[in-house]
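Chemist: structure of the sequence below:
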Amino acid sequence: MYYNTNNETEGTLQNSRQNSDRQQDIIYRVFEANPNMTLTPFEIEAATGQNWPITSIRRAITDLTSEGKLEKTDEKRMGPYGKQTYCWKYIS
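Modeler: Sure thing, here's the model as predicted:
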């Protein structure tokens, strides 16, 4: 889902929504292909090979969690900025 916080209109808005949906699909497929793994947003970034803002990846993960497709775990891993980052897993 694209959250239109910057009030885009017409073609720009449509393009942003399509990109957001595509990102979410790609991220979901990574989890689906690795159903027994837990992954952080940064690991998803690496797995997709995409240069997306980490906030977009987190948005997609949050939306997939709200849809009941992913589950946030209690597991954490060290992220690239020296902070613990939560892991998510696929719900089969």
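Chemist: for residue 41, what are its contacts?
Modeler: 54, 57, 58, 61, 85 (C-beta atoms under 8 Å, 6 or more residues apart in numbering). (C-beta placed from N, C-alpha, C; glycine too.)
Chemist: which parts of this structure are strands?
Modeler: All strands of the chain, identified by DSSP state E, fall at 38-39, 70-78, 84-90.
Chemist: mean neighbour count, these: which tops it?
Modeler: Among these, the stretch with the highest mean neighbour count (mean count of other C-beta atoms under 10 Å) is strand 38-39, at a mean of 22.
Chemist: so for it, what's the average pLDDT?
Modeler: On average, the pLDDT along strand 38-39 is 98.
Chemist: that strand - contacts with which helices or strands?
Modeler: Helices and strands touching strand 38-39, by 3 or more C-beta pairs under 8 Å, 6 or more residues apart in numbering; DSSP states H and E, are strand 84-90.
Chemist: can you tell me which of the strands of the chain comes nearest to residue 31?
Modeler: Proximity of these to residue 31 was assessed by C-beta to C-beta; the nearest stretch is strand 84-90, lying at 4.1 Å.
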